[in-house]
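Undergrad: Please work out how this folds:
(3 chains)
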Amino acid sequence: MAQPEHLLYSKEHEWVKVDGDTATIGVTDYAQNSLGDIVYVELPKVGGKVEQFGNAGVIESVKAVSDLYSPISGEVLEVNNALDADPAAINRAPYDEGWLFKVRLADAGETANLLGAADYEKLATL
Amino acid sequence: MSRPSDNTASPPIFDLGQDGRANRYLDAGKPLDLFMPANVLRDDLPLPDNSELDVVRHYTRLSQRTFGIDLGFYPLGSCTMKYNPRVNDAMASKPEFAQLHPFVPDELAQGALQVMYELERSLSSLFGMAAFSLNPSAGAHAELGALLIAKRYFADRGERARDKVVVPDTAHGTNPASAAMCGFKVISLPSDDRGRVSLEELKGVLGDDTAVCMMTNPNTLGLFEDRVAEITAAVHAAGGLMYYDGANANALMGNARPGDMGFDVMHLNTHKTFTIPHGGGGAGHGPLGVAAHLVDYLPTPVVVAEPKPGEDGWAPSDRLAFRLDFDRPKSIGPMRSFWSNFAHAVRALAYLYANGEEGLRRVSQLAVLNANYLRVKIAEFLETPYPEICRHEFVVSAQQLKKSTGVRALDVAKALLDRGFMAPTMYFPLIVPECLMIEPTETESKETLDAFVEALREIVASAQSNPQALFDAPVTTVVGRVDETRAARQPDLRWRSPAASR
Amino acid sequence: MYAPHTQRDIAQMLDAVGVGSLEALLAVPPELALRAELDIVPALSEYAIGRRFDAIARKNTGIGYRSFLGAGAYRHYAPPAITALAMRGEFLTAYTPYQAEVSQGYLQAIYEWQTYICLLTGMEIANASVYDGATAVAEAAIMAFHATGRRKILVSRAVHPNYRAVLKTYCDGLDVVIDEIAYNAEGVTDGSAAAKMAAGKEYAAVVLQSPNFFGNVDMLDASASDALRDSETIPIAVVAEALSLAALATPASWGAQIVAGEAQSFGVPVAYGGPYAGFIASTQEHMRRIPGRLVGKTVDNAGRTAYVLTLQAREQHIRRERATSNICTNQAHCALIATIYLALMGKTGLRNAAALNLERSRELATAVSSVEGITLKFSAPFFNEFVADVHQDATGVLAALQQRGILGGLNLGRYYPELTSCVLMNATELTTSEDIAALATALREVCDVATV
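TA: Numbering: from 1, shown residues only, chains lettered A, B, ... in the order given. Predicted coordinates for the structure are as follows:
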């Protein structure tokens, strides 16, 4: 899967879709592939705050557990509750159905700390 | 794909049985509400009644669907799956031991206390510790105890700022988990290119905040940590304590002692080194040993001995009177409901008596010989990342195999199941990709080892010529590879009655 | 002694390895070489081991006494079929079932254990067992702490003193504070006091045991239970005498969310304190916090029913320092013994055994309280244990009974300074009328002498 052009990426293999002053966050195709079949996700609480590159939760696959880092700071507005019953959505459609949570941006300038699709592509194919 | 005929399968016990098909083990009792008010009684007990024959057939079938040491070789690294001598169980099941209540007064339980005393004295000597507690129920349990001791020790010295536990990246998962349960923060130490703890890296992280450094020797790669004396000296110089994970104790009995290496506290897994049966995953037993300066912190109770005037006896311990000592103000407290996994203490002591000092020395020598023999044979066709004399275990890597054929450590492991062997430990330690950790133990014969080598050689050959056969393995076991993803995504953790599951 | 190597084997193997001797193979740096003289028990032939252990075992003279000891370790009838099955080599010598394909038997047995625990307690999930009842309580408290983030636990004084001590050991590690609630004159926990203390939302959990350490049925009433739900405090039920679950209302019925208990009563020998079989069970919402191993049912690659260790990403070998518990082993073999016991006894046998326990303990209570100078301390309904007040120092009374070949029970002054005249007495289906008569006679002698 080629990295969607309109997204920004973190080194920890998360993506961000900025829409005005809100952003949607998920993990990349590379991430879901390395983790294997995802069985459970611990997401941040709605109303809570996340920091850029700070811990935001946990993703569990059958044999591994991985920390989730938020690629951008903000207040959590919404989490993808459908993942409770269907964590496989992250494997199937990591950029789409498998989105994780949405935030209200604390500082739009933070996007400067993220990678564009081409730069992330280099990282993901190492 | 054909399977052996599945006449060992048996549905869950709840699907068998008929109400009232009861066995008559006891006299008939009266109705419960004669004795208790109805509002504290339960309405219904939804358990099946099964005849003894049906129960016997059910669990006999289940046993036939279970592999054990009694059936075949377990090359499981880090587990020390040696033969479990039956004399140990015979001793443990003597009624004087099996039926003794833990609250029987000390003077009427002198035999039990003597067993605990003799075991504790022998272990202390064998491993160079001042004393052992038999309280903990498992290795991880003892580890927790050790860290609680460290926490209390530093608090007493006014050094509460010591909150860091240093753990090599090759360590077993219980090490950092135990540290976290005591509120310690874990610092992971990368190993050097010889696979050992890096003294330079260690010195870089030691400081006034160092509480404990946890390690094992030999390490989980099976390599002897030859610089361990320098390591313990460095940690002590920084004011920290050294913890020895005794999982690999089978490698050095009568040869070297953790106490002499500078370790302050350690645990043993008697279900590894001392033949307590694994029983499918427990019960284990984790004696916790300490150097002199930590004895006061041991969990309660501790067995203490005094000379019994005028007593004769075959051994020095026969001339002692024993009691349980609970009055230990600096103790971290008890870690379990009563005094120890006593039945396992009996088993371990019986094993010590079967060996004595020379026997235990021999055990370690032959465990190390078996491991090295396998290592040099297997190195002929599988990558051995550390091609040097190992101790009781060693690692091989299927990384090259995976690159050239797609066959991974997991597939090799599953193929071994088809050939009547248990698989080695897989994917641990984490620093070796596609890792298989192999520990034969001393109770396996050369013929068994040779057969294992041939089976592995054949599997590796098959990886080149017919990898699909390995991806399909195992094919001769009662079930094939199981769908673990489904088990985790749709947890079904208990049987439900057909009425309830509607 | 169990290594099969001949001299020829050793020589061939050393040759293959390229080392001259076993000593050379195990060479260590000189500063680590063993210099001390070791002091280990001597090597004996297997026959001599038997004789040695006979001699040691004979010193356990307490075996021959009539015993009324319970207090967390209970003597019950264990049908011999249990040993015949559990000691089969496949079950005894199997490793943890990480390779599911060759461990289906054990995995299914543990799935059945998990089910039995749920059916007995009324909970929805149970794990593959923990070390014992005391550590089960500690692990349950840790679950509550992680669920609520609150660093305080409220525990009834009527919970087994050893369990409370272990809870303290664990809580000291996590800097979690334990507060205690008193028991009242009836010998049960003051539930409404507990609910009131918890109203400030400071406590992660309220821990009570039923039957409690004194043997009394000790459950939360509806209003206390509701109040705890309002303050989002987790009720943890402790069960030390598992046979009581066959008769009494389930912990679920009075609002428990986590049940921590001991299954030793189900055929596991008292064995001077261990190994036993602890259990933890909970409602669905705590599934991901439950420590230790879990067995799940799934299918294999051809659709056959198969069992497997699941949700392993909670455990230490994956989460490492992020695990909520370091627990690695369970008590598989003891849980297997308990499962086979439950299968053999069945609903009918368990109800029966419970009824006999109730009957005998009441017979005992009647006989004991008919002795001049002895009364029953508490009025609450009890299962198979009760507290007798001898109205003098219990130590002397118990010593005198011991001289008459009787272990009369547990001296409660050992754990409760306010109960130095009290003895905890237990009777099970194994207690005979003869035992009870002998105790009553002895008590009459002892108490008459004492009150003279």
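
Undergrad: from here on, contacts and neighbour counts on C-alpha atoms
TA: Noted.

Undergrad: give me the number of residues near the residue in chain A positioned nearest to chain B?
TA: Residue nearest to chain B within chain A (Cα to the nearest Cα): A:V39, separated by 5.1 Å. For A:V39, the count of nearby residues is 28 (other Cα atoms under 10 Å in any protein chain shown).

Undergrad: now it, what's its secondary structure?
TA: Following DSSP: H, G, I helix; E, B strand; the rest coil, we place A:V39 in the strand state.

Undergrad: So it sits against A:V62, correct?
TA: Yes - between A:V39 and A:V62 there is a contact at 6.4 Å, judged by Cα atoms under 8 Å.

Undergrad: Now for these two: what residues contact both?
TA: Common contacts of A:V39 and A:V62, defined by Cα atoms under 8 Å, 6 or more residues apart in numbering or on different chains, comprise B:485, B:488.

Undergrad: ok so, going back, and the pLDDT at the residue of chain A closest to chain B?
TA: With respect to pLDDT, A:V39 scores 93.

Undergrad: same thing with C:D132?
TA: The model's pLDDT for C:D132 equals 96.

Undergrad: And B:M242, by the same measure?
TA: In this model, B:M242 carries a pLDDT of 98.

Undergrad: mind listing what it touches?
TA: The neighbours of B:M242, taking Cα under 8 Å, 6+ apart as the test, are B:212-215, B:232, B:235-236, B:262-265.

Undergrad: mind running it again at 6 Å?
TA: With contact set as Cα atoms under 6 Å, 6 or more residues apart in numbering or on different chains, B:M242 has these partners: B:212-213, B:263-264.

Undergrad: Just give me the closest of those residues to chain C.
TA: Nearest to chain C among the contacts of B:M242, with distances taken as Cα to the nearest Cα, is B:F263, at 12.1 Å.

Undergrad: can you pull out the strands in chain A?
TA: Assigned by DSSP state E, chain A shows strands spanning A:8-9, A:14-19, A:22-27, A:38-42, A:49-50, A:55-61, A:65-69, A:74-79, A:101-105.

Undergrad: Okay, now the unreliable bits of chain A?
TA: Where chain A drops to pLDDT under 70, the residues are A:1-2, A:126.

Undergrad: Contact distance from chain B - what residues of it qualify?
TA: Counting by Cα under 6 Å from any Cα of the partner chain, the residues of chain A close to chain B are A:V39.

Undergrad: Apply 10 Å and report the result again.
TA: By the rule Cα under 10 Å from any Cα of the partner chain, the part of chain A lying against chain B is A:36-40, A:60-63, A:84-88.

Undergrad: with those residues in mind, which one is nearest to C:G89?
TA: A:K63 (30.1 Å; Cα to Cα).

Undergrad: so the closest one sits right up against C:L309, yeah?
TA: No - the pair A:K63 / C:L309 is not scored as a contact, 11.2 Å apart, by Cα atoms under 10 Å.

Undergrad: Mind listing the shared neighbours of those two?
TA: By Cα atoms under 10 Å, 6 or more residues apart in numbering or on different chains, A:K63 and C:L309 have these common neighbours: B:E484.

Undergrad: Compare these two and say which is more crowded by neighbours.
TA: A direct count of neighbours by other Cα under 10 Å for A:K63 and C:L309 places C:L309 higher, at 23 against 19.

Undergrad: what is the more buried one paired to in the beta sheet?
TA: Note on C:L309: beta-bridge partners by DSSP bridges are C:V295.

Undergrad: Double-check it against C:G296; I have them as touching.
TA: Yes - using Cα under 10 Å as the test, C:L309 is close enough to C:G296 to be in contact (6.1 Å).

Undergrad: where do the contact lists of these two overlap?
TA: Joint contacts of C:L309 and C:G296 (Cα under 10 Å, 6+ apart) are B:484, B:487-488, B:493, C:107, C:110-111.

Undergrad: Closest one to B:Q99 out of those, please.
TA: C:I110 (25.6 Å).

Undergrad: To which secondary structure element is that closest one assigned?
TA: helix C:104-121 (DSSP states H and E).

Undergrad: buried stuff in that helix?
TA: C:104-121 (16 or more other Cα atoms under 10 Å in any protein chain shown).

Undergrad: which ones among those residues come in contact with chain B?
TA: Okay, of the buried residues of helix C:104-121 touching chain B (Cα under 10 Å from any Cα), that's C:104-120.

Undergrad: can whichever helix or strand C:A367 is part of be found next to chain B?
TA: Here C:A367 sits within helix C:332-369, counting by DSSP H and E. Yes - contact of helix C:332-369 with chain B (Cα under 10 Å from any Cα) involves C:332-336, C:339-359, C:362.

Undergrad: now do stretch C:256-275
TA: Yes - using Cα under 10 Å from any Cα, stretch C:256-275 reaches chain B at C:262, C:268-275.

Undergrad: What about the residues you listed, which are in strands?
TA: Using DSSP E, the residues of stretch C:256-275 next to chain B in strands are C:E262.

Undergrad: Most neighbours of all the residues of stretch C:256-275 next to chain B, which one?
TA: Of the residues of stretch C:256-275 next to chain B, with other Cα under 10 Å as the count, C:G274 tops at 31 neighbours.

Undergrad: quick one on the thing from earlier: now do the helix holding C:A367 and helix C:104-121, the angle between them.
TA: Interaxial angle of helix C:332-369 relative to helix C:104-121 (axes from the mean of the first three to the mean of the last three Cα atoms, to 10 degrees): 30 degrees.

Undergrad: got the residue ranges for the strands in chain B?
TA: Under the criterion DSSP E, chain B carries strands at the ranges B:131-133, B:164-168, B:185-189, B:210-215, B:241-246, B:265-268, B:288-290, B:302-307, B:320-325, B:394-397, B:425-426, B:435-438.

Undergrad: Sorry, wrong one. I was asking about the stretch 301-450 of chain C.
TA: Secondary structure of the stretch 301-450 of chain C (DSSP state E, counting those that start in this stretch): strands at C:305-309, C:375-376, C:385-389, C:406-407, C:410-411, C:422-426.

Undergrad: quick one: contacts for C:E101?
TA: So C:E101 contacts B:65-67, B:414, B:417-418, B:474-482, C:107, C:300, C:306-308 (Cα under 10 Å, 6+ apart).

Undergrad: Please report the number of neighbouring residues for residue 35.
TA: Let's take chain A. Considering only other Cα under 10 Å, A:L35 is surrounded by 18 other residues.

Undergrad: wrong one, I was asking about chain C
TA: By other Cα under 10 Å, neighbour count at C:R35 equals 12.

Undergrad: With B:D193 instead?
TA: 9.

Undergrad: Can you tell me which of the contacts of B:M242 are buried?
TA: Buried among the contacts of B:M242 by 16+ other Cα under 10 Å: B:212-213, B:263-264.

Undergrad: Looking at stretch B:441-448 now, give me its mean pLDDT.
TA: The model assigns stretch B:441-448 a mean pLDDT of 98.

Undergrad: end-to-end on that stretch?
TA: Distance between the two ends of stretch B:441-448: 12 Å, counting by Cα to Cα, to the nearest Å.

Undergrad: Is chain C within reach of it?
TA: Yes - Stretch B:441-448 is in contact with chain C by Cα under 10 Å from any Cα, via B:441-447.

Undergrad: residues in contact with C:E418?
TA: Counted by Cα under 10 Å, 6+ apart, C:E418 has contacts C:L412.

Undergrad: Distance of it relative to C:D218?
TA: Taking Cα to Cα as the measure, C:E418 falls 20 Å from C:D218.

Undergrad: Same check on C:G50?
TA: In this view, C:G50 and C:D218 are 46 Å apart by Cα to Cα.

Undergrad: Pick out whichever of the two has more residues nearby.
TA: Between C:G50 and C:D218, counted using other Cα under 10 Å, the more crowded position is C:D218 (26 against 17).

Undergrad: May I have the phi/psi pair for that one?
TA: When read as degrees, to the nearest 10, the backbone of C:D218 gives phi -140, psi 80.

Undergrad: Next, format the buried ones among the contacts of B:M242 as a markdown table and append distance to C:P235.
TA: Putting the buried ones among the contacts of B:M242 into a markdown table (distance: Cα to Cα, whole Å) gives the following:
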| residue | distance to C:P235 |
| --- | --- |
| B:V212 | 36 |
| B:C213 | 38 |
| B:F263 | 42 |
| B:D264 | 40 |
